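In: Fold the following and give me the result.
(chains A, B, C and D)
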Number of protein chains: 2
Amino acid sequence: MGVTKDENQQVKVQEKIDKIMDDKEAAAPCCPVKDILGRFGDKWSIYAILMLGRNEKLRFNELKGLISGISQRMLTVTLRSLEEDGLVKRTIFPEIPPRVEYELTDLGQSLLLQLLELADWAKLNLHHIVAARERYAKQEQKRT
Amino acid sequence: MGVTKDENQQVKVQEKIDKIMDDKEAAAPCCPVKDILGRFGDKWSIYAILMLGRNEKLRFNELKGLISGISQRMLTVTLRSLEEDGLVKRTIFPEIPPRVEYELTDLGQSLLLQLLELADWAKLNLHHIVAARERYAKQEQKRT
DNA sequence: ATACTAGGTTACTTTTAGTAACTCAAAAGT
DNA sequence: ACTTTTGAGTTACTAAAAGTAACCTAGTAT
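Out: Numbers count the residues shown, from 1 in each chain, chains lettered A, B, ... in the order given. Now for the predicted structure:
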């Protein structure tokens, strides 16, 4: 055949990318990766998903306590967005004072697993990235 | 004993999340997932990585042509950020008019593979998300 | 009457994303 | 001799998003 195993893999990668990019099927607004990551790629969404993945069910202020630094508004905005995408289920108990419980849906659970995969990669490679940033910073100093 | 397989898996997930969250080791500024996703989770970075993954080496304006809708500034900003993190290598040829070539580093390649995993999940689950959004939109209408 | 509670909104400010026009230095066209 | 073109960017600006601080609600306890 004349192609090595590595070259074969590279071809597969290219095909996959092609499929991702021209994904006009299923009323997808556009590249699904972009769409997906654009939605929950921000830090608050990630924290919320991780915390809900850890704790099964959580109330608003419990979550607020667990996610250090988040404000009330940011938490509502984040949770609404996750609810909108069907990753989080929100249950209101009509009491006074109000009680609201949040939990991951099955979809949210499956996304969590993907996030953990990514976390493994991140942990494994973080030192490379940190090193690269330091190299870059030093180069920048020399330029000025 | 006395725990089912599912419960066992859940415990593993919890442990993993715990490890991610209190990651004070290795001078990590914070949760690596957040740090990582916060950097290249935006649409332009994703497109750039996918395009560089598809094409080996690309010049600035080639990339600009491939990523539809990106402006010059956004492309430079994106590429600089990826370069800073060591995901992309930038080579300048001191000619007139200038020539600059971009390519993925090994780190970038390995991230690309992760992105493709995520893309698989996204393609598999996009219809769920779209459906959830429609449900949510209808509920919102009723409220007003 | 005042304070507290949980789970938010509203109005405002700061950061970031994004656009349009300009630059640089040489080569080629008119 | 002047204008245009070329690639790879900057600079100066505007639109949009993220984030903060103060307020609301309705019932209960002091």
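In: going forward, measure contacts and count neighbours with C-alpha atoms only.
Out: Will do.
In: does the lowest-mean-pLDDT helix or strand in chain A come close to chain B?
Out: Using mean pLDDT, DSSP states H and E, the weakest-scoring helix or strand in chain A turns out to be helix A:32-40, at a mean of 80. Yes - residues of helix A:32-40 are located near chain B by CA under 8 Å from any CA of the partner chain, namely A:32-38.
In: For DNA strand D, state which of those is nearest.
Out: If you rank these by distance to DNA strand D using CA to the nearest atom of the strand, A:Gly38 comes first, at 8.5 Å.
In: What are the phi and psi values at the closest residue to that closest one other than its chain neighbours?
Out: Distances taken as CA to CA, 6 or more residues apart in numbering or on different chains put B:Asp42 closest to A:Gly38, at 5.9 Å, once the chain neighbours are dropped. In terms of degrees, to the nearest 10, the main-chain angles of B:Asp42 are phi -80, psi 160.
In: wait, B:Asp42 sits on A:Ile36?
Out: No - using CA atoms under 8 Å, B:Asp42 is not in contact with A:Ile36; the gap is 10.1 Å.
In: for the residue lying closest to A:Leu66 once chain neighbours are set aside, helix, strand, or coil?
Out: Excluding its sequence neighbours, the residue lying closest to A:Leu66 (CA to CA, 6+ apart) is A:Met51, at 7.3 Å. For A:Met51, the assignment made with DSSP: H, G, I helix; E, B strand; the rest coil gives helix.
In: separation between A:Met51 and B:Leu113?
Out: 26 Å (CA to CA, to the nearest Å).
In: Those two: who's more crowded?
Out: More neighbours surround A:Met51 than the other of A:Met51 and B:Leu113, with 23 against 14 (other CA atoms under 10 Å in any protein chain shown).
In: For that one, list the residues it contacts.
Out: A:63, A:66-67 (CA atoms under 8 Å, 6 or more residues apart in numbering or on different chains).
In: so A:Leu52 touches A:Thr105, yeah?
Out: No - counting by CA under 8 Å, A:Leu52 sits too far from A:Thr105 to count as a contact (9.9 Å).
In: wait, is A:Val100 part of a helix?
Out: No - per three-state DSSP, A:Val100 lies outside any helix segment and is strand.
In: my hunch is that A:Lys89 is in a helix, does that hold up?
Out: No - according to three-state DSSP, A:Lys89 belongs to no helix; its state is strand.
In: number of nearby residues for it?
Out: Neighbour number of A:Lys89 under other CA under 10 Å is 19.
In: Output the set of residues of chain A in proximity to DNA strand C.
Out: A:59-62, A:72-73, A:76, A:96-101 (CA under 7 Å from any atom of the strand).
In: Give the buried subset of the residues of helix A:32-40 next to chain B as a PyMOL selection command.
Out: Per 16 or more other CA atoms under 10 Å in any protein chain shown, the buried members of those correspond to this PyMOL selection:
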select buried, chain A and resi 32+33+34+35+36+37
